[in-house]
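fold the stuff below for me.
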Amino acid sequence: MAERTDVPASTDAPDGVPTGGSDPSAPTTPAADPAAAESADPPAPPRKRNSGRLRKWWARLVVLLMIAAAVFIGLQIARTQDARDAALDLGTVTLTSQPIPVETALPGPITTVDVVAGQRVTAGQRLGQIEVTTTDSNGDPVTKLQPLTAPRAGIVVDDPMTVGSTLTPGVSFVELYDPAALRLEADVPLTYLPQLAPGMSADLTAEGMDQHVKALVKRVVPRVGDDQTTVRKDRLKLVLVPADPKQVARLVPGLRFTGSVDTRTGNSHEQRSIYVG
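Okay, here's the model as predicted:
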């Protein structure tokens with residue numbers, strides 16, 4: 001009996017034919033096909049869950065905003081209270097002026113009136129005329145016309161005396177006022193004196209005026225009683241000047257305001273010099 005010899009399978013195989021008895025028709029797996037592995041979509045990354053963290057930060061922000069709002073409101077209330085405590089009520093404040101009288105040294109009847117109330121005049125301008133009687137060197141009476149002129153520039157306060165009236169020395173034919181020299185006066189308690197100082201700011205309002213008038217404390221003087229001779233020991237006259245004279249230049253003396261003085265302003269070191277006794 002002839003001996004059987006097993007012939008080993010050839011290790012050489014045509015290109016594309018797998019060895020080891022594998023089936024060429026068997027499907028390839030993705031791991032075995034690099035091209036297919038590269039063409040496949042990568043898996044989506046896991047979604048981050050930050051909603052809880054955002055809610056925490058939002059809650060913290062809301063708390064911080066509430067705290068900031070509370071602090072702001074508290075500061076505003078404190079400032080308002082401080083302003084109220086520092087304000088001295090002035091009551092009624094009257095716009096006044098130093099009168100400029102137009103007078104004569106000689107008596108005589110008024111023959112001419114050339115101005116009206118509220119008219120602006122210049123220094124030396126003729127305002128009216130009177131007839132005066134003098135004597136000549138022989139002692140004979142001499143009648144002549146004498147003009148009445150404005151001693152300073154200003155505005156006529158009220159209607160002058162009428163034609164035919166007799167003007168005598170010491171009596172004003174008419175009064176003027178300087179609109180650049182207006183001031184404000186208030187009647188205040190004596191207890192205000194330690195709290196007042198020159199330069200303190202006052203805020204004033206008047207009925208019918210849209211804008212506020214800013215004024216500065218100038219001095220206080222003794223207040224005269226109703227009899228114009230007795231000094232009142234419990235009251236003072238507070239004198240203020242407009243911070244901007246243009247604000248009151250077109251206003252009429254006698255106009256009344258209300259307002260208050262802010263004691264936080266001005267120079268407290270000058271309190272001693274505010275009182276004029």
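
tell me the contacts of residue 253?
Neighbour list for residue 253: 95, 96, 97, 157, 177, 182 [criterion: Cβ atoms under 8 Å, 6 or more residues apart in numbering]. All C-beta atoms are positioned from the backbone trio N, CA, C, and that covers glycine.

go again with 10 Å.
With contact set as Cβ atoms under 10 Å, 6 or more residues apart in numbering, residue 253 has these partners: 94-99, 155, 157, 175, 177, 179, 182-183.

in JSON lines: those, plus pLDDT.
Shown next, in JSON lines, are these (pLDDT from 0 to 100):
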{"residue": "94", "pLDDT": "96"}
{"residue": "95", "pLDDT": "96"}
{"residue": "96", "pLDDT": "94"}
{"residue": "97", "pLDDT": "92"}
{"residue": "98", "pLDDT": "90"}
{"residue": "99", "pLDDT": "92"}
{"residue": "155", "pLDDT": "94"}
{"residue": "157", "pLDDT": "91"}
{"residue": "175", "pLDDT": "95"}
{"residue": "177", "pLDDT": "93"}
{"residue": "179", "pLDDT": "90"}
{"residue": "182", "pLDDT": "94"}
{"residue": "183", "pLDDT": "95"}
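
and the residues you listed as TSV, adding distance to residue 105?
Written out in TSV, the entries for the contacts of residue 253 read as follows (distance: Cβ to Cβ, whole Å):
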residue	distance to residue 105
94	33
95	32
96	28
97	25
98	22
99	19
155	24
157	22
175	17
177	22
179	28
182	29
183	30
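
filter those to the buried ones?
95, 97, 155, 157, 175, 177, 179, 182, 183 (16 or more other Cβ atoms under 10 Å).

and residue 53, how close does it get to residue 60?
Taking Cβ to Cβ, to the nearest Å as the measure, residue 53 falls 11 Å from residue 60.

ditto for residue 126
Residue 126 sits 83 Å away from residue 60, taking Cβ to Cβ as the criterion.
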